[in-house]
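Peer 1: Requesting a structural model of the entry that follows:
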Amino acid sequence: MSPKAVNVRVLTMDSELEFAIQPNTTGKQLFDQVVKTIALREIWFFGLQYTDSKDFPCWLKLNKKVLGQDIKKSSSQPLTFKFRARFFPEEVSEELIQEITQKLFFLQVKESILTDEIYCPPETCVLLASYAMQAKHGDFNEEIHRPGSLVNERLLPKRVMEQFQLSPEEWEKRVVNWWKEHRGMLKEEAMLEYLKIAQDLEMYGVNYFDIRNKKGTELYLGVDALGLNIYDKQDKLTPKIGFPWSEIRNISFNDKKFVIKPMEKKSPDFIFYAPRLRINRRILSLCMGNHELYMRRRKTDSIEVQQMKAQAQEEKLARLQERERIQAEIDRRKQAEQEREAMRRKVEDLERNAAEARRGKKDF
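Peer 2: Alright, predicted model coming up:
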C-alpha cells in the first residue's frame, strides 16, 4: 500500500496554492513545485516560511523532509506555508529582473509598510501610496475615482492616519495629488518606483533578533544584504555598531553564544548571546544566505541571469511599443471625433444660415 499523501497549503502574496506531498517529500521538492507553478525563476531570494510548534516563524529546510520538520499542526487545517522573500537585493532596479519577482517584492514590502513592520515617515507613506494606486488602478481617472472612492483602500499605516488631525478624505486628497503626477506610467514601472523609494528606508530588508551583550544589556541584531548591525533596544533605525560583510572574517556560534570575528585581526571579537540555540542557527543561516548573494553580486552574471535580463528587456520593449500603439489609436480616434464634431458644427451652421436666408426671402 502506498503511503498516504498529505495536503499542504502555500500562500504567496497574491494567491493560495494547494499541493499533495508524500511523507518523503523534501523541502526542495515542495519549493520547486511552488516556483514552477507561479513561473518564478529568481528563486534565490525566496523561501517557504512556517510556524513551528512553539509559535516561532521558521524557514523550511530544503535538504530535509517537509514532514520531519517542527511544523505546527492543526487537525482542521492543512499544513500551511508562506512563500516569502527571505533575502533582499541591494538595488531593486538592477537585481529584480522578472515581472513576477518585482510584483511579489512590491506586495510584501507594501504589506510590511502598512503594518508598520517597516517604519516609513508620513510624507513618504503618502508618496508610496500614490505609486501603489498607479500599480493597482493605472492612471487616475476623475470619472471613476471620485472623492471618497478610495476610502476603503488601505492607503496608509494606521500610525500615520492617527498621528495627524486629518480625515480619511483629506488623506485621500493628498494621495490623489501625487497619483495624478504618475499619468502614463505602466503598472510595472509604478511597482518598481515604489520599491526604489522603499529600499532607502532604514528597516527595509532587515531581520531583527533579540540579543544580549556580555554585560547582559538587551540589544537588537539586524541582518541584511550588506552585513550585520547592532541596535539599541529603543531604536531600530540607527545602528550603534556595523559589520559590513567585507569586514567580517568569520562568524560562528556555540550554544547560545555567537561570535563575530572582524577582518582586522587586531580588532576584538564581538560576542553576543541569543535567547535560544535555535535562534543562533537561524541567524547563521540568514548570514550565510545574505553573504552568498553579496559575493554573487560582485561577480559577472551567470548565463541564466544574462538570458533573463535580455528576455526582460525584450518584454519591456514590447510593452512600451504596445502602449505607444494604443496611445496612437486613442489619439487617432480623438482626432477623428474632433473632426466629426467640427463637421457636425459646420453642417449645423450651414443649415442655420440657409434657414435664416429662407426666412429673409419670405419677409422680403
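Peer 1: Settle this for me: Thr25 is touching Val66, isn't it.
Peer 2: Yes. In this structure, Thr25 is within contact of Val66 by Cβ atoms under 8 Å, at 5.3 Å. The way it works is simple: take the backbone N, C-alpha and C, and place the C-beta from them, glycine included.
Peer 1: out of the two, which sits in the busier spot?
Peer 2: When neighbours are counted by other Cβ atoms under 10 Å, Val66 comes out ahead of the other of Thr25 and Val66, with 27 against 18.
Peer 1: residues touching that one, list them.
Peer 2: For Val66, the contacting residues are 8, 21, 25-27, 30, 60, 79, by Cβ atoms under 8 Å, 6 or more residues apart in numbering.
Peer 1: what's the closest of those residues to Val160?
Peer 2: Distances from Val160 to the contacts of Val66, taken as Cβ to Cβ, are shortest for Leu60 (34.3 Å).
Peer 1: surely that closest one meets Gly47?
Peer 2: Yes. With contact defined as Cβ under 8 Å, Leu60 reaches Gly47; the gap is 6.7 Å.
Peer 1: what's the overlap in contacts for the two?
Peer 2: The contact sets of Leu60 and Gly47 overlap at Phe31 (Cβ under 8 Å, 6+ apart).
Peer 1: Low-confidence stretches in this structure?
Peer 2: Applying pLDDT under 70 to the chain picks out residues 1-2, 362-364.
Peer 1: picking up where we left off before, neighbour count winner among Leu60 and Gly47?
Peer 2: For Leu60 versus Gly47, neighbours defined as other Cβ under 10 Å are more numerous around Gly47 (22 against 18).
Peer 1: Quick check: that one is in a helix.
Peer 2: No. Counting by DSSP: H, G, I helix; E, B strand; the rest coil, Gly47 is not part of a helix but strand.
Peer 1: ok so, going back, neighbour-wise, which of the contacts of Val66 leads?
Peer 2: Val8 (23 neighbours).
Peer 1: who are the neighbours in contact with that residue?
Peer 2: Val8 makes contacts with 18-21, 30, 66, 78-81, as judged by Cβ under 8 Å, 6+ apart.
Peer 1: how much space between it and Ala336?
Peer 2: 56 Å (Cβ to Cβ, to the nearest Å).
Peer 1: And Lys266, by the same measure?
Peer 2: 78 Å.
Peer 1: Who has more neighbours out of these two?
Peer 2: Between Lys266 and Ala336, counted using other Cβ under 10 Å, Ala336 has the larger neighbour count: 10 against 5.
Peer 1: Three-state assignment for that one, please.
Peer 2: helix.
Peer 1: show me what contacts it?
Peer 2: So Ala336 contacts nothing (Cβ under 8 Å, 6+ apart).
Peer 1: Now do it against Glu329, distance only.
Peer 2: Here the criterion is Cβ to Cβ. By it, Ala336 lies 11 Å from Glu329.
Peer 1: Doesn't Phe209 lie inside a strand?
Peer 2: Yes. Under three-state DSSP, Phe209 falls within a strand.
Peer 1: I'd like to know how many residues surround it.
Peer 2: Phe209, neighbours per other Cβ under 10 Å, totals 18.
Peer 1: give the contact list for it.
Peer 2: 220-223, 274, 279, 282-283 are the contacts of Phe209 under Cβ under 8 Å, 6+ apart.
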